[in-house]
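Enquirer: sequence below, structure please.
(one chain, ligands or ions: 2)
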Amino acid sequence: MKPANEFPSADGLWTGLRLATDAGAEAAIVVEQGAIRWVGARSALPAGFASLAPHDGGGALVTPGLVDCHTHLIYGGQRANEFAMRLAGATYEEVAKAGGGIVSSVRATREADEDTLFAQAASRLEQLLADGVCAIEIKSGYGLSLEHERKQLRVARRLGEAYGVTVRTTFLGAHALPPEYAGQVNGSGDYIDLVCNQMLPALAAEGLVDAVDVFCERIAFSLEETEQVFKAAQALGLPVKLHAEQLSDMGGAALAARYGALSCDHIEHLSAEGIEAMRQSGTVAVLLPGAYYTLRDTHLPPIAALRAAGVPMAVSTDHNPGTSPALSLLLMVNMACTLFRLTVPEALDGVTVHAARALGLQDTHGAIAPGMPANFVLWNVREAAELAYWFGQQPVRAVVRQGRIAIGAKE
Ligand code: NIG
Ligand code: FE
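Expert: Numbers count the residues shown, from 1 in each chain. Ligands and ions are numbered 1, 2, ... in the order given. Here you go, the predicted structure:
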């Protein structure tokens with residue numbers, strides 16, 4: 001792989017494009033110093049731009065760069081054995097209680113050194129990037145101690161630098177109870193104290209934390225513990241997000257909304273009160289069809305009610321070794337349509353504009369607009385619906401990421 005700073009500049013005039021929103025007319029994009037200077041119908045291009053360095057889009061459809069707003073990309077090992085256990089009838093909760101689940105990835109992550117984690121996550125990241133991803137969220141949560149959470153978050157930052165991709169880090173120290181706390185009288189309370197009073201402040205001071213997340217669930221942390229973590233995040237000025245109502249309705253979404261959460265994610269069991277709270281706080285609903293599919297879940301998230309309330313819906317891979325070993329965001333677009341009945345424009349907004357909002361990146365990602373960094377994807381398809389329709393196809397023709405041609409440059 002070429003270092004990101006050697007990708008060629010995308011500056012100049014891009015023609016031969018068709019916008020996903022208006023595929024009929026030829027469109028043009030002007031990139032100047034890595035940012036969008038102008039976008040619109042080719043016929044309306046101001047004369048002054050006509051002589052800029054030309055880039056021929058060859059009739060490709062163009063969309064904003066994709067944003068994968070919920071991943072657990074960095075971990076040691078893999079958990080194909082649990083896949084087999086679930087096929088034989090065990091549930092996710094049963095696997096977790098039997099010592100598998102998140103803590104088995106914690107063991108493997110603790111054993112791996114930083115460079116090993118980097119190399120393994122890098123090969124997964126490359127696959128996501130090949131689908132047009134220009135910004136990605138990466139959570140910690142498989143270290144569950146200061147030293148090992150730091151290791152994960154450092155790898156996340158290094159990946160962003162090496163690939164020239166926007167990485168937002170999320171501290172998920174409250175993902176599961178570390179094995180050394182299991183069976184202790186006040187193990188959960190003691191661990192949450194450690195998360196709030198030591199791990200989070202130290203990692204935030206090192207500049208490793210962009211947001212804070214909690215797994216609020218029967219098999220993870222309670223509503224009260226979740227609020228304790230949110231208070232610690234708030235004291236440090238960090239935004240929060242939540243793994244909410246995935247397996248049961250814990251009331252987590254309403255709590256997160258009270259803390260102005262950027263997003264509530266999973267939300268299969270979200271209640272009407274949760275939806276109303278999210279609407280009021282402008283919290284994004286992040287749909288994770290890969291986890292729903294892998295767990296062979298049958299309890300659909302309340303899509304129609306979210307739509308009726310006008311809550312923005314994002315779509316993400318939730319890439320993780322347990323419930324969603326997915327390496328294609330486009331496949332999630334397909335699944336969001338087939339499994340969750342999103343319309344194609346909803347699903348595409350879900351991996352662009354709304355996903356950017358779920359990360360607080362709405363001013364720099366998820367749209368092709370003057371003044372924003374140039375992040376866009378050229379696709380070898382005739383119409384936008386094809387991005388949801390094909391699955392297993394890789395229709396990327398070129399990717400402009402952070403003002404550089406990351407994929408598809410002429411040698
Ligand atoms: O988003 N729900 C909790 N966390 C992950 C699963 C993590 C794991 O099983 O390793 C999720 O589905
Ligand atoms: Fe997750």
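Enquirer: roughly how far does residue 237 sit from residue 177?
Expert: Separation of residue 237 from residue 177 (CB to CB, to the nearest Å): 27 Å. Just so you know, the C-beta spots here come from the backbone N, C-alpha and C atoms, and that holds for glycine as well.
Enquirer: for residue 295, same thing?
Expert: For residue 295, the distance to residue 177 - CB to CB - is 21 Å.
Enquirer: cool, and residue 308?
Expert: 38 Å.
Enquirer: neighbour-wise, which of those two wins?
Expert: Between residue 308 and residue 177, residue 177 has the larger neighbour count (other CB atoms under 10 Å), namely 22 against 11.
Enquirer: got a list of what that one touches?
Expert: When contacts are counted by CB atoms under 8 Å, 6 or more residues apart in numbering, residue 177 touches 103, 187-188, 191, 220.
Enquirer: now residue 319. Nearest residue, chain neighbours left out?
Expert: residue 71 (4.3 Å; CB to CB, 6 or more residues apart in numbering).
Enquirer: burial check on the one you found, number of neighbours?
Expert: Residue 71: 26 neighbours (other CB under 10 Å).
Enquirer: and if you look at residue 189?
Expert: Residue 189 has 15 neighbouring residues, counting by other CB under 10 Å.
Enquirer: which stretch of helix or strand covers residue 209?
Expert: In the assignment (DSSP states H and E), residue 209 maps to no helix and no strand.
Enquirer: let me know the pLDDT of it.
Expert: Listed pLDDT for residue 209 reads 98.
Enquirer: residue 4 too?
Expert: 83.
Enquirer: dihedrals phi and psi, the residue lying closest to residue 163 once chain neighbours are set aside?
Expert: Leaving aside its sequence neighbours, residue 163 sits nearest to residue 4 (CB to CB, 6+ apart; 5.6 Å). Note on residue 4: backbone dihedrals following degrees, to the nearest 10 are phi -60, psi -30.
Enquirer: now swap in residue 399 and tell me
Expert: phi -130, psi 130.
Enquirer: any idea what it is bridged to?
Expert: Residue 399 has the following beta-bridge partners by DSSP bridges: residue 377, residue 407.
Enquirer: tell me, how many residues neighbour it?
Expert: For residue 399, using other CB under 10 Å, the count is 27.
Enquirer: ok, it touching residue 128?
Expert: No. If you go by CB atoms under 8 Å, residue 399 and residue 128 don't touch, sitting 11.4 Å apart.
Enquirer: so what pLDDT did residue 298 get?
Expert: pLDDT for residue 298: 95.
Enquirer: tell me the SS of it?
Expert: Look at residue 298: counting by DSSP: H, G, I helix; E, B strand; the rest coil, its state is coil.
Enquirer: check the one 3 residues further on too.
Expert: Three-state call for residue 301 (three-state DSSP): coil.
Enquirer: state the distance from it to ligand 1.
Expert: 14 Å (CB to the nearest ligand atom, to the nearest Å).
Enquirer: what does residue 381 give?
Expert: Residue 381 is 30 Å from ligand 1, by CB to the nearest ligand atom.
Enquirer: which residues are in contact with that residue?
Expert: Per CB under 8 Å, 6+ apart, neighbours of residue 381: 61, 387, 390, 395.
Enquirer: Throw those into TSV and include secondary structure and pLDDT, thanks.
Expert: TSV is the format used below for those (DSSP: H, G, I helix; E, B strand; the rest coil; pLDDT from 0 to 100):
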residue	secondary structure	pLDDT
61	strand	97
387	helix	97
390	coil	96
395	coil	96
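Enquirer: possible to save those as CSV with distance to residue 349 and neighbour count?
Expert: Output for those, formatted as CSV (distance: CB to CB, whole Å; neighbours: other CB atoms under 10 Å):
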residue, distance to residue 349, neighbour count
61, 15, 23
387, 12, 26
390, 19, 14
395, 19, 17
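Enquirer: nearest to ligand 1 among these?
Expert: Checking the contacts of residue 381 against ligand 1 by CB to the nearest ligand atom gives residue 387 as the nearest, at 24.2 Å.
Enquirer: so, low pLDDT: which residues of the protein?
Expert: Where the chain drops to pLDDT under 70, the residues are 1, 23, 411.
Enquirer: what residues does it have near ligand 1?
Expert: Counting by CB under 6 Å from any ligand atom, the residues of the chain close to ligand 1 are 72, 101-102, 105, 215, 243, 246, 291, 318, 320-324.
Enquirer: let's go with 5 Å and repeat that
Expert: Neighbours of ligand 1 within the chain, by CB under 5 Å from any ligand atom: 102, 215, 243, 291, 318, 320, 322-323.
Enquirer: just the buried subset of these, please.
Expert: Buried subset of the residues of the chain next to ligand 1 (neighbour count, 16 or more other CB atoms under 10 Å): 102, 215, 243, 291, 318, 320, 322-323.
Enquirer: go through the contacts of residue 177 and flag which are in helices.
Expert: Among the contacts of residue 177, the residues falling in helices (DSSP state H) are 103, 187-188, 191.
Enquirer: which secondary structure elements does the strand or helix carrying residue 157 contact?
Expert: Element membership for residue 157 (DSSP H and E) is helix 146-163. On a contact count with 3 or more CB pairs under 8 Å, 6 or more residues apart in numbering; DSSP states H and E, helix 146-163 meets helix 102-111, helix 114-129, strand 166-174, helix 200-205.
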